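Visitor: mind looking at a prediction? Sequence and model below.
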Amino acid sequence: LERVQSLRSSGGPALPDDKIAAYRNLSNGYNMAFGAGISGFVSVLAGQDVLERPETSGRIHSALRVEIIGPDGQGLPCGDAGALRIHTWTPSRIVASDRSTDELLGDGWCMTGDLGVVDADGFLTILGRAADMILRGGVSISATELETVIAELTGVREVAVIGVDDPDLGQDVGAVVVAPGLEIAALRQHCIA
């Protein structure tokens with residue numbers, strides 16, 4: 001592997017530790033590209049950025065304009081999380097979705113269905129998919145974010161967070177956790193903290 005000069009991965013974001021391991025153990029030419037089928041290539045994480053900003057999906061391609069959109073459809077300030085909207089010259093016109101093409105595409109822009117945040121340095125961090133949101137009593141909760149928190153707890157081997165129907169709240173949060181010997185009280189305390 002010492003002769004590998006370039007190693008690329010693409011698609012959804014990899015875990016930060018996996019990115020660092022690929023860079024250090026496989027090739028310092030490792031780079032991770034993030035893209036969406038509807039918009040194409042969006043960002044890349046490469047070089048020292050892999051070590052310094054592994055939690056991100058990299059720097060946004062200079063030819064694109066990426067906006068983070070709130071629930072009201074308006075753009076959010078830098079650092080706020082919301083839906084990813086990408087302005088591109090070549091959005092896909094073929095959409096396989098339960099939403100209408102007009103809802104996903106506009107004049108040079110497209111909604112990817114991803115949730116993210118853009119920081120002041122132009123790094124994009126993907127937080128999950130809009131469909132992975134749990135609406136609990138009118139509050140949107142990211143299942144992916146909760147899975148990340150629970151996975152940090154020592155002894156957790158696998159975790160999946162799901163929305164569970166609730167007659168009062170609409171949905172409540174449910175978690176399926178594989179962690180032999182872990183007490184539920186310890187899991188709850190970890191999540192609260």
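Guide: The structure has been received and is ready for your questions.
Visitor: bridged to residue 86, which residues?
Guide: residue 66, residue 110 (DSSP bridges).
Visitor: alpha carbons of the helix or strand where residue 146 lies, as PDB, please.
Guide: Using DSSP states H and E, residue 146 maps to helix 143-151. Output of helix 143-151 as PDB, limited to C-alpha atoms (Å, rounded to 0.1, in the frame of the first residue of the first chain):
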ATOM      1  CA  ALA A 143     -32.000  10.200  14.800                       C
ATOM      2  CA  THR A 144     -28.500  10.200  13.400                       C
ATOM      3  CA  GLU A 145     -27.300  12.700  16.000                       C
ATOM      4  CA  LEU A 146     -28.700  10.600  18.900                       C
ATOM      5  CA  GLU A 147     -27.200   7.400  17.400                       C
ATOM      6  CA  THR A 148     -23.800   9.200  17.500                       C
ATOM      7  CA  VAL A 149     -24.200  10.200  21.100                       C
ATOM      8  CA  ILE A 150     -25.300   6.700  22.200                       C
ATOM      9  CA  ALA A 151     -22.500   5.000  20.200                       C
END
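Visitor: list the buried ones in whatever helix or strand comes next after it?
Guide: Once helix 143-151 ends, the next helix or strand along the chain (criterion: DSSP H and E) is strand 158-166. By neighbour count on 16 or more other C-beta atoms under 10 Å, the buried set for strand 158-166 is 159, 161, 163. (C-beta placed from N, C-alpha, C; glycine too.)
Visitor: next up, the contacts around the second one.
Guide: Residue 161 makes contact with 134, 143, 144, 146, 147, 150, 173, 174, 175, 176, according to C-beta atoms under 8 Å, 6 or more residues apart in numbering.
Visitor: where does the chain dip in pLDDT?
Guide: 1-2, 11-13, 37-38, 89-108, 131 (pLDDT under 70).
Visitor: show me where it has its helices.
Guide: Under the criterion DSSP state H, helices of the chain are mapped to 16-21, 48-52, 101-104, 143-151, 184-192.
Visitor: the ones you listed: which one's closest to residue 129?
Guide: Taking C-beta to C-beta, helix 143-151 is the member of the helices of the chain nearest to residue 129, at 7.5 Å.
Visitor: hmm, who's touching that closest one?
Guide: Residues contacting helix 143-151 (C-beta under 8 Å, 6+ apart): 127-129, 132-134, 156, 159-163, 173, 175, 177, 187, 190-191.
Visitor: any idea how far it is from the middle of the chain?
Guide: Distance of helix 143-151 from its chain centroid, counting by C-alpha atoms, centre = their mean, to the nearest Å, is 12 Å.
Visitor: give the buried residues for it.
Guide: 143, 145, 146, 147, 149, 150.
Visitor: among those residues, which one lies nearest to residue 58?
Guide: Nearest to residue 58 among the buried residues of helix 143-151, with distances taken as C-beta to C-beta, is residue 145, at 19.8 Å.
Visitor: against residue 138, how distant is the closest one?
Guide: 18 Å (C-beta to C-beta, to the nearest Å).
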